[in-house]
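Participant: Structure for the following, please:
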Amino acid sequence: MRTVYRGTILHTKSFDEFESFEQGFVAVQDGKIIGVGNDYENWLSTQSDDPKSLTEVRLSEFQFLCPGFCDGHIHAPQYAQIGLGMSVPLLDWLNTYTFPTEAKYVDQEFALRIYRSVVEATLRCGTTLASYFATNDLPSTLILAQEALRQGQRALIGKVCSNCNSPDYYVETTEEAVKGTETFVEELQKLKSSLVLPTITPRFALSCSKELLRKLGDIAKKYDLHIQSHISENLQEIQVVNDIFKTSYAGAYDEAGLLTKKTVMAHGVHLEDDEIALLKERGTSIIHCPASNTNLNSGLCDVQRLIKAGVTVGLGTDVSGGNSVSILHALARALDVSKHIDVFNRQDIRGTGPAKSPQENYQQLTYKQAFYLATLGGAKALSLDHVTGNFAVGKEFDALLVDVSVLEKPHRSLTVDELLEKFIYTGDDRNIKSVFVAGRIVKGSKCQPE
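Facilitator: Have a look, this model is predicted:
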């Protein structure tokens with residue numbers, strides 16, 4: 001069955017290339033995109049099938065179709081504590097709030113309740129692709145994978161590994177971490193799903209021995225798997241890692257073979273120049289988590305610095321260091337952080353004095369660039385841009401139907417650019433009328449035009 005969506009269509013083709021069609025179309029067959037552009041009649045003339053076999057869906061004036069959001073870094077079990085502990089630094093927050101919460105997931109009924117809720121919540125907010133951290137517990141991590149698959153979300157899911165510098169009640173041996181990871185990979189492969197895939201997940205270098213990191217690197221190489229972890233989030237954390245490994249944070253991962261083209265590292269707030277060069281050389285990406293970087297007093301990540309150095313960047317909510325499951329909110333926070341960095345770089349702030357190291361040529365992120373980070377940038381960071389992230393022909397139809405008139409109808413007509421800008425700065429999950437993953441509706445209906 002073929003369906004054609006007609007109306008305002010927008011997506012990105014690169015960090016600096018935004019493409020839109022005011023009276024455009026996207027054609028979908030069997031969950032894949034078979035046509036996109038602004039000349040529907042011309043495209044239709046190239047099709048051999050009877051036009052009457054097409055289902056046509058027309059968008060209303062204040063609606064548009066865009067790619068689904070990619071959340072490159074989210075801790076699913078921490079959804080149970082979202083909004084708590086926002087006034088303490090990272091390491092204190094982990095010990096006081098996070099580790100006790102994650103230890104509860106040995107209770108499978110509790111795990112199912114929370115995991116069902118977090119997948120529902122992220123889908124409701126337009127996340128069609130999520131890279132989830134679970135916990136050390138294997139059975140409950142499998143529950144998360146099964147729940148994502150049941151609800152139809154595209155997801156990378158990792159059983160967390162940590163064998164040191166963790167509470168006695170929430171730590172594994174090296175053997176348990178390795179065996180649990182291999183079993184998890186095997187169990188996910190049995191699902192035979194292209195939607196839900198395993199990702200190797202050392203919690204962070206601080207909580208893993210050199211031996212465990214090396215063995216996880218070996219597993220990733222053996223199965224050609226994705227990898228996710230944290231890097232250079234907090235100055236205190238960085239110092240401890242440097243003391244233990246006698247190398248840089250990036251160096252600790254690289255020595256274990258964990259920096260690859262399929263690796264994403266969350267945060268990267270305080271990376272040194274040589275570490276950024278190493279990430280670029282390895283093809284490793286950074287997931288920018290503006291909310292948690294602020295909430296946990298970690299710092300302000302200069303995304304432009306990373307991108308100019310050739311590092312791919314996506315966005316993450318980082319629940320529950322981040323206080324929202326919405327990538328739309330993360331997008332707005334990323335714009336805030338970029339503006340704040342610009343202020344610090346340029347202005348003489350009354351009461352604090354002029355910038356110590358002025359950067360007159362600093363360029364703020366634009367909302368279109370931030371939109372790229374939330375869509376194609378995230379897919380590229382997660383090495384899934386051949387599948388999703390924009391509306392290129394041949395990719396799967398992961399999409400959002402957005403309506404900016406849900407709460408209040410705009411007082412005048414809006415341009416394509418204004419539709420997106422209004423959604424970014426005033427929208428929320430209520431404006432996302434429908435969510436599609438691989439052509440399947442996972443929220444709402446095909447279209448609800450006015």
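
Participant: Counting residues, which helix of the protein comes out longest?
Facilitator: helix 327-346 (DSSP state H).

Participant: Which positions within it qualify as buried?
Facilitator: For helix 327-346, the neighbour count (16 or more other CB atoms under 10 Å) marks 327-335, 337-338, 341-342, 344-345 as buried. To be clear about C-beta, it is placed using only N, CA and C from the backbone, and glycine gets the same treatment.

Participant: before we move on, what about stretch 163-174?
Facilitator: For stretch 163-174, by 16+ other CB under 10 Å, it's 163, 165, 166, 170, 171, 172, 174.

Participant: which residues touch it?
Facilitator: Contact partners of stretch 163-174, identified using CB atoms under 8 Å, 6 or more residues apart in numbering, comprise 95, 99-100, 102-103, 136, 161-162, 176-177, 180, 203, 206-209, 211-212, 215, 240.

Participant: what's the answer for stretch 104-121, then?
Facilitator: 74, 76-77, 79-80, 134-135, 137, 139-140, 143-144, 147-148, 151, 153, 319, 325.

Participant: And the helix or strand of the chain with the lowest mean pLDDT, what does it pack against?
Facilitator: Within the chain, no helix or strand scores below helix 90-93, which has a mean of 90 by mean pLDDT, DSSP states H and E. In terms of contacts (3 or more CB pairs under 8 Å, 6 or more residues apart in numbering; DSSP states H and E), helix 90-93 is packed against helix 235-245.

Participant: Could you name the helices and strands sitting against the helix it packs on?
Facilitator: helix 90-93, helix 249-255.

Participant: Quick check: buried residues in that helix?
Facilitator: By neighbour count on 16+ other CB under 10 Å, the buried set for helix 235-245 is 237, 238, 241, 245.

Participant: go on, stretch 306-324?
Facilitator: Using 16+ other CB under 10 Å as the test for burial, stretch 306-324 gives 306-307, 311-324.

Participant: Out of the residues you listed, list just those in helices.
Facilitator: The members of those that map onto helices under DSSP H are 306, 307.

Participant: Let's see which of the contacts of stretch 163-174 end up in helices.
Facilitator: Those of the contacts of stretch 163-174 lying in helices (DSSP H): 99, 100, 102, 176, 177, 180, 211, 212, 215, 240.

Participant: coming back round to it: of all the helices and strands packed on helix 235-245, which one comes closest to residue 430?
Facilitator: Closest approach to residue 430 among the helices and strands packed on helix 235-245 (CB to CB): helix 90-93, 30.4 Å.

Participant: Go ahead and name everything in contact with the closest one.
Facilitator: Contacts of helix 90-93 from elsewhere in the structure, counted by CB under 8 Å, 6+ apart, are 85, 233, 234, 236, 237, 296, 297, 298, 321.

Participant: Since that was my last question, I'll sign off now.
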